[in-house]
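Novice: this one's sequence-less:
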């Protein structure tokens, strides 16, 4: 004799119960680096206006996860900021 499925609610789960907080996000997109695109300004310790964009109000260097700068450009940027600080330009 076949079992009736309609009355069995213990095995059924809603879609909400299947979702987990710890599941990876499938729709993650990456923004392009603003300093790597064509026509971007050159990173230089003398370009104070550019360097101030990538420093906080307290003078700390902003991390690349906030500014979306690539690792290579972030290293150049941090070196230029440190040079400008040393020469008291910032």
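Specialist: Happy to help now that I have it. Bear in mind that the values here come from a model prediction, so they are computed numbers and not experimental data.
Novice: quick one, what contacts residue 84?
Specialist: Residues counted as contacts of residue 84 (CB atoms under 8 Å, 6 or more residues apart in numbering) are 45-46, 48, 51, 90. The way it works is simple: take the backbone N, C-alpha and C, and place the C-beta from them, glycine included.
Novice: can we see that at 7 Å?
Specialist: 45, 48, 51, 90 (CB atoms under 7 Å, 6 or more residues apart in numbering).
Novice: repeat that for residue 62.
Specialist: Residue 62 makes contact with 54-56, according to CB under 7 Å, 6+ apart.
Novice: any idea of the mean pLDDT for the strand or helix carrying residue 51?
Specialist: Using DSSP states H and E, residue 51 sits in helix 48-53. Mean pLDDT, computed over helix 48-53, is 95.
Novice: and the contacts of residue 62, which are buried?
Specialist: Listed as buried from the contacts of residue 62 are 54-55; burial here means 16 or more other CB atoms under 10 Å.
Novice: how about JSON lines for the contacts of residue 62, with distance to residue 41 added?
Specialist: Converted to JSON lines, those look like this (distance: CB to CB, whole Å):
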{"residue": "54", "distance to residue 41": "11"}
{"residue": "55", "distance to residue 41": "15"}
{"residue": "56", "distance to residue 41": "20"}
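Novice: which of the contacts of residue 62 sits closest to residue 80?
Specialist: Using CB to CB, residue 54 comes nearest to residue 80 of those, at 9.2 Å.
Novice: for the longest helix along the chain, what is the average pLDDT?
Specialist: Counting by DSSP state H, the longest helix found in the chain is helix 71-86. The average pLDDT within helix 71-86 is 96.
Novice: was I right about residue 54 contacting residue 66?
Specialist: No: the criterion here is CB atoms under 7 Å, and residue 54 misses it with residue 66 at 9.4 Å.
Novice: identify the residues contacting residue 31.
Specialist: Residue 31 makes contacts with residue 68, as judged by CB under 7 Å, 6+ apart.
Novice: how close does it sit to residue 37?
Specialist: Computed with CB to CB, to the nearest Å, the distance linking residue 31 and residue 37 is 11 Å.
Novice: next one: residue 57
Specialist: Relative to residue 37, residue 57 is positioned 27 Å away (CB to CB).
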